[in-house]
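# got a structure for you, letters missing:
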Ligand code: NAP
């Protein structure tokens, strides 16, 4: 499994991780087995949020990672309504308790909300100084919001921006990815399979994926994931003078079935050629900028 620097955290993280939204609906046994199989297969980045199952997913993860916390790159998110100066530490403590751990590797603001960003960041910084989080980041931030976070804290403090990214929703490539990559901020793409709406095998794009997959002895979904974590150097990056060390793109498919987990993990070592990338780019065009999409 390929690893890339996760922003400026100093940690190299596998490019394919594990999403966990709605996992409380999959049944405890299946969810635990899937998460553990994912870790065994190298998907050490586990993404969760206090919102997921109203805390029940964090509890499941706590159970799944018991005894192997040190191997995991654990990310959770605070809800915007809890992201006040006093609310963030409270929410973090509750997440840590449910996850049965004493620290998060990265803590994200789930999406921009009504509490002043300065307060949220001050609380993140306090948690970082206390060792309760190793780093913090944001989610569903457009360039304007990223500029505000960078002005408040310095871009180097923002470890990542987690945003919607799949073959049929490539809007982040217009500005968000170049902005983040130029400043060493990791881009974590969520819902890589369109949250359950993957291109069908008979669609034009589906046929292209199938052809590329066959040439690599891979599957269309593995090809899609490999495209989503392709080298950020393939993007046009303005202000490259800011670049310290280009962070990678990351993806966090959610899978509760063992076969899905195994398939997704193998995508982390699939290397596409420039011609493969060009064909996928043509089959799933980026389209015009219509604002930052959020799921
Ligand atoms: P997704 O990963 O795009 O799709 C999940 C669906 O794809 C599930 O139904 C899963 O089925 C299926 N699947 C997974 N691997 C498969 C495979 N190899 N073959 C066939 N089907 C497969 O959807 P998502 O859950 O929306 O997004 C992923 C993660 O991103 C979330 O879980 C969450 O952690 C994060 N996220 C973050 C935000 C945010 O605002 N920051 C928003 C949305 C999502 P099974 O489960 O049955 O295996």
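Alright, I've got the coordinates. From a predicted model like this one, the values you see are computed outputs, not experimental measurements. Numbers count the residues shown, from 1 in each chain.
# residue 162 contacts residue 188, correct?
Yes - using CB atoms under 8 Å, residue 162 is in contact with residue 188, at 4.2 Å. C-beta coordinates here come from the backbone N, C-alpha and C atoms, glycine included.
# neighbour-wise, which of the two wins?
For residue 162 versus residue 188, neighbours defined as other CB atoms under 10 Å are more numerous around residue 188 (30 against 26).
# in a helix, that one, correct?
No - counting by DSSP: H, G, I helix; E, B strand; the rest coil, residue 188 falls outside a helix, being strand.
# mind listing the residues bridging to it?
For residue 188, the beta-bridge partners are residue 162, residue 250 (DSSP bridges).
# these two touch, right, it and residue 161?
Yes - using CB under 8 Å, residue 188 makes contact with residue 161 at a distance of 7.3 Å.
# next, count neighbours for residue 118.
14.
# ok, and the closest non-adjacent residue to it?
Excluding the flanking residues, the one nearest residue 118 by CB to CB, 6 or more residues apart in numbering is residue 152, at 5.4 Å.
# average pLDDT across the host helix or strand of that neighbour?
Following DSSP states H and E, one finds residue 152 within helix 143-153. Averaging pLDDT along helix 143-153 gives 98.
# likewise stretch 195-208?
For stretch 195-208, mean pLDDT is 94.
# partners of the residue in the chain that the ligand sits nearest to in the sheet?
Going by CB to the nearest ligand atom, the ligand is nearest to residue 19 of the chain, at 2.3 Å. For residue 19, the beta-bridge partners under DSSP bridges are residue 254.
# tell me what whichever strand or helix holds residue 96 is packed against?
Element membership of residue 96 [criterion: DSSP H and E] is helix 87-99. Identification of packing neighbours for helix 87-99 by 3 or more CB pairs under 8 Å, 6 or more residues apart in numbering; DSSP states H and E yields helix 56-64, strand 73-78, helix 117-129.
# correct me, but residue 194 touches residue 164?
No - with contact defined as CB under 8 Å, residue 194 does not reach residue 164; the gap is 9.2 Å.
# please say which of the two ends up with more neighbours.
residue 164 (20 against 15).
# what about the residue most central in space within the chain, distance to residue 121?
Residue closest to the average C-alpha location in the chain (CA atoms, centre = their mean): residue 188, at 3.2 Å. Using CB to CB, to the nearest Å, we find residue 188 at a distance of 19 Å from residue 121.
# point out where the chain drops to low pLDDT.
Scanning the chain for pLDDT under 70 picks out 232-247.
# how many neighbours does residue 53 have?
By other CB under 10 Å, 19 other residues sit near residue 53.
# list the residues that contact it.
When contacts are counted by CB atoms under 8 Å, 6 or more residues apart in numbering, residue 53 touches 22-25, 60.
# could you pick out the buried ones from those?
When neighbours are counted using 16 or more other CB atoms under 10 Å, the contacts of residue 53 contain these buried positions: 23-24, 60.
# flag every residue of the stretch 1-150 of the chain that's near the ligand.
19-21, 47, 110, 139-140 (CB under 6 Å from any ligand atom).
# which residues are in contact with both of residue 162 and residue 188?
47, 252.
# returning to that earlier point: if I look at the residue nearest to residue 118, how far off is residue 124?
Going from residue 152 to residue 124 by CB to CB gives 10 Å.
# between the two, tell me which one has more neighbours.
Between residue 152 and residue 124, counted using other CB under 10 Å, the more crowded position is residue 124 (27 against 16).
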